[in-house]
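Enquirer: Provide a 3D model corresponding to the input given below.
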Amino acid sequence: KKQKKNQTKPPHHPHRKSKNYLRSTCTRIGVCCGLQPVDMAGAKIDKLIKQHTALLGEPHSRDSLLRALDGLDSVVPENSRTARQHLRGDIEARVLSVTSTFLNAFGKLNEKLEVVEGEVEAMSASCLEMTTRLHTARAETQQLIDQTAALQKDKEKLQTWSNVVTSFRDEYQLTSTERATLTGTQPIDASFFTAFDRVKIILESSSRLLRSSHQRAGLDVKEEMTTIREKAYERLHAWTQHACRCLTAETVDHSVLLNHAFRALKERPVLYQYSLAEYASARQAAVTRAFLDALTRGSVYGAKPIELHSHDPLRYVTDMLAWLHQQLASEYELMYQIFFKTASNTRQHALATLNEDDRSSVHQVLDTVFEKTCRLLKVRVEQVVSGEPPLVVLYKINNTFALYRSMSADFLTRSAELSVTLKELRQRALTAFHTALSISSNELLVNVEPPSVSLQPPRALIDTLDTLKEVLELKALAPQSPEDDQEGEEDDATTFNKILGAVLEPSLQMCALSASELPTADMAAFMVNCLYAIQSLLDLYDDTDSRVEMLQGQMEAHVETLIMQQALKLTERSGLESLFRSLQEYETMKAQQPEVATTLSEFPGMSEADVFRALAAFDQYLGSADLGLISQCDLLMSSRVRDTIRTKSVEMFCNSFKDLQQQCNHALSGYLTKPLVTRTPEQVKLLLQ
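Expert: The predicted structure follows:
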């Protein structure tokens, strides 16, 4: 207790205490333990001191000692002599009490363990019995286990066969829904074509079976699928015909089902052709009704009826052809959507890759669709042509037919009904044009007007050339007919030459008749003006070279006449006319009578005095200001022709003057004055020009 109270004080190790202190301490302990002081003497005291010293000397025993003293403190209520004397007995009694308590507790535990042991022994006996029974049952059921294992193996085999049969059925058989879709009575939808494609796949797979060891199965599958496919084709053909009969509206929604149906029916050419015929018949009725509505009632988009413009032949015909061309393009696009459109191909690629059979089918269908509209068009165009429209209008109608026929070549063959109709109507318009042109040309020869004082082309020729100009402009803009389109009709060059001949020949005859009573120079000037007007028009267009050359030849002949007249005028006004005439007579005489020895100076009119007198008058003429042309040249429309006449007439006069100079200055001329003619032809030409 003192040590517990003094725990706050710094501890002191026991070995540092003196022996007296240890002895007194041991004495107290002995007294506490009930020992007499005399018993502590000798070896016992020393042994106790050693044990106490050893106990206190151990560094780890201090805490244990303190805990022991604390426990002892709970046992001894008070630190008295009596308590210390009975401490051992109290401790032993306490130990006995604790031991008794443990004994009682372990006795109960032992009883329970004995119960558990009995139950475990019973369980063990039961397990042994069960083991024995199991061994007996296993021995008895071994045969059943073997049978069960065999059945399990058979089950695995059957499961394998079931999987094989299921796979075979999935690959080579149709489901009940697919069979009902192909051969039932429900409406055809997208599932029909899915099942139909499935039949094709199964048939292709059955072909592989025929090449293997399972030929019997392949034959059975092929026979069954062929039967189903034929029933599906019959049902599909009936549905397609019914769907085609419903295509009687002007505009039709692009049916995906019809597209699938026609692509499927291509494998049955007979059914495909029947369906095409049904489609063509339905669309023919729709297009014919739409054309009649456009002619008489107008379109649903607000366009006026075409026949409201029947008073204007060109617009009337153009509107009808434009409607037909637009409808032709629409029908072509509709056929692409129904017959040839696929998810993988574009329109251009699909149309570019059509085979000959598909192209033939397209052309045949389009020909049938527009067959009745051709009759309606032909009747109305013939009424227009028979109404004798103006000449230029007829030619425009002809070009319009040529244009739309060339554009329809992208959709129709040349043997198609619509193409043939356009060709016939074009020929009809061209024939009417030639007839009207011939009548107009003949009228020129009936009423021939005399030339005006100005010698300009007559008004009738100007009007005819204006008409011809419009025709030539239309011809230049008209599309060229392909070579394979000219069978049985005149080509463009022949038609063009025929038009030029029908216009130019009567015009030239009319001009010649009009100028027949004029003097030579006036007639030549008048014809040059008329030919120049015609040539100026033809020079503006192609394919007129031959006509221009012909007109140029006729013009040159009349220009030569004017050149001669201009040269005669120069000769008369120059004063050398008598000398030129006498010199010409002298040369003629020398050519006919070369033996005559007459010199030029001795020939009448060629004396030296006559020559001097004529040359003096010529010099006076060259010095005058008036060296102009004849009056007819001033009336010419072409300045180039006037310049030509001036130049060539001066050249002709200078050639005559050169001949005069050479003859007069010749050594055998007989003239005394040498040289007699001093001016050179070059000087004269320069002065005259």
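Enquirer: so what's Leu531 up against?
Expert: Leu531 is in contact with Leu508, Leu551, Gln554, Met555, His558, counting by Cβ atoms under 8 Å, 6 or more residues apart in numbering. Yep, even glycine has a C-beta here, placed from its N, CA and C like the rest.
Enquirer: which residue, other than its chain neighbours, is closest to the third one?
Expert: Meaning Gln554. Leu531 (5.8 Å; Cβ to Cβ, 6 or more residues apart in numbering).
Enquirer: next, the one you found: secondary structure please.
Expert: Of the three states, Leu531 takes helix according to DSSP: H, G, I helix; E, B strand; the rest coil.
Enquirer: and it, how far from Thr227?
Expert: 87 Å (Cβ to Cβ, to the nearest Å).
Enquirer: do the same with Leu210
Expert: 17 Å.
Enquirer: more crowded one of these two?
Expert: Between Leu210 and Thr227, Leu210 has the larger neighbour count (other Cβ atoms under 10 Å), namely 14 against 11.
Enquirer: list the contacts of Gln554.
Expert: Residues near Gln554 by Cβ under 8 Å, 6+ apart: Leu508, Met527, Leu531.
Enquirer: which element is the second one on?
Expert: Here Met527 sits within helix 520-538, counting by DSSP states H and E.
Enquirer: after that helix, which helix or strand is next?
Expert: Counting by DSSP H and E, the next helix or strand C-terminal to helix 520-538 is helix 545-574.
Enquirer: now that following helix: buried residues?
Expert: By neighbour count on 16 or more other Cβ atoms under 10 Å, the buried set for helix 545-574 is 547-548, 551, 554-555, 558-559, 561-571, 573-574.
Enquirer: what does stretch 494-510 give?
Expert: Those would be Thr495, Phe496, Ile499, Leu500, Ala502, Val503, Leu504, Pro506, Ser507, Leu508, Met510, for stretch 494-510 by 16+ other Cβ under 10 Å.
Enquirer: how about stretch 288-304?
Expert: Thr288, Ala290, Phe291, Ala294, Leu295.
Enquirer: likewise for stretch 67-86?
Expert: Arg84.
Enquirer: same check on stretch 607-615?
Expert: For stretch 607-615, burial by neighbour count (16+ other Cβ under 10 Å) applies to Ser607, Glu608, Asp610, Val611, Ala614, Leu615.
Enquirer: likewise stretch 449-457?
Expert: Buried residues in stretch 449-457 (16+ other Cβ under 10 Å): Pro451, Leu455, Gln456, Pro457.
Enquirer: nearest to Asn79, of those residues?
Expert: Pro457 (172.3 Å; Cβ to Cβ).
Enquirer: Three-state assignment for the closest one, please.
Expert: For Pro457, the assignment made with three-state DSSP gives coil.
Enquirer: OK, contacts around it?
Expert: Contacts of Pro457 by Cβ under 8 Å, 6+ apart are Cys511, Asn529, Cys530, Ala533.
Enquirer: again with Ser275
Expert: Taking Cβ under 8 Å, 6+ apart, one finds His237, Thr240, Gln241, Cys244, Ala261, Phe262, Leu265 in contact with Ser275.
Enquirer: now do Thr421
Expert: Going by Cβ under 8 Å, 6+ apart, the list of residues near Thr421 reads Cys374, Leu377, Lys378.
Enquirer: buried only: go through the residues you listed for me.
Expert: Among the contacts of Thr421, those that count as buried by neighbour count (16+ other Cβ under 10 Å) are Cys374, Leu377.
Enquirer: among the contacts of Thr421, name the ones in helices.
Expert: Cys374, Leu377, Lys378 (DSSP state H).
Enquirer: want to throw the residues you listed into a markdown table with distance to Thr467 and pLDDT?
Expert: Compiled in a markdown table, those are given as follows (distance: Cβ to Cβ, whole Å; pLDDT from 0 to 100):
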| residue | distance to Thr467 | pLDDT |
| --- | --- | --- |
| Cys374 | 32 | 91 |
| Leu377 | 28 | 92 |
| Lys378 | 28 | 92 |
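Enquirer: kindly indicate which of the residues you listed lies nearest Ile397.
Expert: So of the ones in helices among the contacts of Thr421, ranked by how close each gets to Ile397 (Cβ to Cβ), first place is Leu377, at 12.6 Å.
Enquirer: tell me which element the residue lying closest to the closest one once chain neighbours are set aside is part of?
Expert: In this structure, Leu377 finds its nearest non-sequential neighbour in Met320, 5.9 Å apart by Cβ to Cβ, 6+ apart. If you go by DSSP H and E, Met320 is part of helix 313-335.
Enquirer: that helix - contacts with which helices or strands?
Expert: If you count contacts as 3 or more Cβ pairs under 8 Å, 6 or more residues apart in numbering; DSSP states H and E, helix 313-335 packs onto helix 269-296, helix 356-369, helix 371-386, helix 391-408, helix 417-446.
Enquirer: among those helices, where is the model least confident on average?
Expert: Ranked by mean pLDDT, those bottom out at helix 356-369, with a mean of 84.
Enquirer: now do the SS call for the nearest residue to Asp293 once chain neighbours are set aside.
Expert: Among residues not flanking Asp293 along the chain, Ser299 sits closest, at 7.3 Å (Cβ to Cβ, 6+ apart). When classified by three-state DSSP, Ser299 comes out as coil.
Enquirer: flag the shaky bits of the stretch 551-689 of the chain, pLDDT-wise.
Expert: 596-597, 625-628 (pLDDT under 70).
Enquirer: redo that, cut-off 50
Expert: Scanning the stretch 551-689 of the chain for pLDDT under 50 picks out 625.
Enquirer: got it, and the stretch 401-550 of the chain?
Expert: In the predicted model of the stretch 401-550 of the chain, residues 483-484, 488 satisfy pLDDT under 50.
Enquirer: how about 90 then?
Expert: Counting by pLDDT under 90, the stretch 401-550 of the chain has low-confidence residues at 402-419, 430-431, 433-455, 460-461, 464-465, 467-509, 512, 514-521, 535-549.
Enquirer: repeat that for the stretch 201-350 of the chain.
Expert: 201-277, 279-280, 282-283, 286, 294, 297-305, 307-310, 329-350.
Enquirer: switch the cut-off to 70
Expert: Flagging of the stretch 201-350 of the chain using pLDDT under 70 yields the residue ranges 213, 250-255, 300-302, 342-350.
Enquirer: same check, this time on the stretch 1-150 of the chain
Expert: Counting by pLDDT under 70, the stretch 1-150 of the chain has low-confidence residues at 1-49, 51-62, 65, 71-72, 74-77.
Enquirer: show me the helices in it, by range?
Expert: With helices called from DSSP state H, counting those that start in this stretch, the stretch 1-150 of the chain shows them at 2-5, 19-32, 43-57, 61-75, 81-85, 87-172.
Enquirer: would you list those in TSV and tack on distance to Lys396?
Expert: Formatted as TSV, the helices of the stretch 1-150 of the chain follow (distance: least, Cβ to Cβ, whole Å):
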stretch	distance to Lys396
helix 2-5	143
helix 19-32	155
helix 43-57	146
helix 61-75	136
helix 81-85	155
helix 87-172	69
